[in-house]
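**Student:** Pasting a predicted model and its sequence here:
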Amino acid sequence: GQIFLQYFTGRSLGSLYVLGGLAGAILYVVAFNTIPYYTDMGSGWMIGASAAVMAIVMGAAFYRPEVELSLLFLGRIKIVYIAIFAFVLDFLSLGDPTNPGGHVAHIGGALLGYLFAVQYKKGKDITHWMSRIIDWFVGLFKPRMKKSKMKVEYSRNETDWEYNKRKKSEQEAIDAILDKLKQSGYSSLSSEEKKRLFDASKK
């Protein structure tokens with residue numbers, strides 16, 4: 001969750017969490033009503049929110065596969081490898097009779113998280129509609145403010161994709177200035193480049 005929040009808002013986290021849980025539940029229902037191995041069991045169970053967690057893990061891992069984590073005894077490992085390992089482990093455990101519904105749900109959540117990351121890189125946020133539903137639902141419980149005579153205008157916030165794109169562009173520009181500074185010295189920078197470098201140092 002913390003890694004996910006480095007690149008997305010809490011709003012996106014909540015929406016993907018809900019959708020991941022729903023994806024897990026849907027795949028669970030489909031599997032236990034159509035696949036002979038599961039239908040022969042007669043009944044299964046699905047407890048917890050692990051499908052939702054898998055969606056978050058896969059979403060973060062495939063959006064920023066280069067991010068690394070330090071693991072005890074193993075050293076630094078890219079998060080995408082950890083996510084793939086968890087997915088493969090669940091896939092190989094689909095025949096486990098002790099938790100038949102859980103592993104199926106995990107697969108559903110993981111696939112939803114992967115789809116989120118792939119589509120987000122293309123500029124499409126598949127959780128947007130769920131975010132609007134959650135905002136509407138939360139708004140039902142918020143106390144209504146009395147209308148003020150003063151008119152206040154609020155600018156529209158950037159989407160996560162727009163924000164990340166802008167930050168990436170800014171960082172690339174700063175990196176180019178730093179390379180020029182390293183190669184040719186401070187005097188080689190234009191006044192605009194010096195200003196951008198100064199502004200970046202204050203952030």
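**Tutor:** On my side now, so go ahead.
**Student:** what's the spacing between Glu193 and Pro143?
**Tutor:** 50 Å (Cβ to Cβ, to the nearest Å). Just so you know, the C-beta spots here come from the backbone N, C-alpha and C atoms, and that holds for glycine as well.
**Student:** So between those two, which is more surrounded?
**Tutor:** Neighbour tally, Glu193 and Pro143, criterion other Cβ atoms under 10 Å: the higher count belongs to Glu193, 18 against 5.
**Student:** secondary structure element for the closest residue to that one other than its chain neighbours?
**Tutor:** Leaving aside its chain neighbours, Glu193 sits nearest to Ile177 (5.0 Å; criterion: Cβ to Cβ, 6 or more residues apart in numbering). Element membership for Ile177, per DSSP states H and E: helix 160-184.
**Student:** List the buried residues for that helix?
**Tutor:** Going by neighbour count (16 or more other Cβ atoms under 10 Å), the buried part of helix 160-184 is Asp160, Trp161, Asn164, Ile174, Ile177, Lys180, Leu181.
**Student:** And the pLDDT at the fifth one?
**Tutor:** In this case it means Ile177. For Ile177, the pLDDT comes out at 81.
**Student:** Would you confirm that it contacts Ser188?
**Tutor:** No: taking contacts as Cβ atoms under 8 Å, Ile177 lies outside contact range of Ser188: 10.2 Å.
**Student:** Tell me where this protein has helices.
**Tutor:** For the chain, the helices defined by DSSP state H cover 2-5, 10-34, 36-39, 50-63, 79-92, 100-121, 128-139, 160-184, 191-201.
**Student:** Before I go, just wanted to say thanks for your time.
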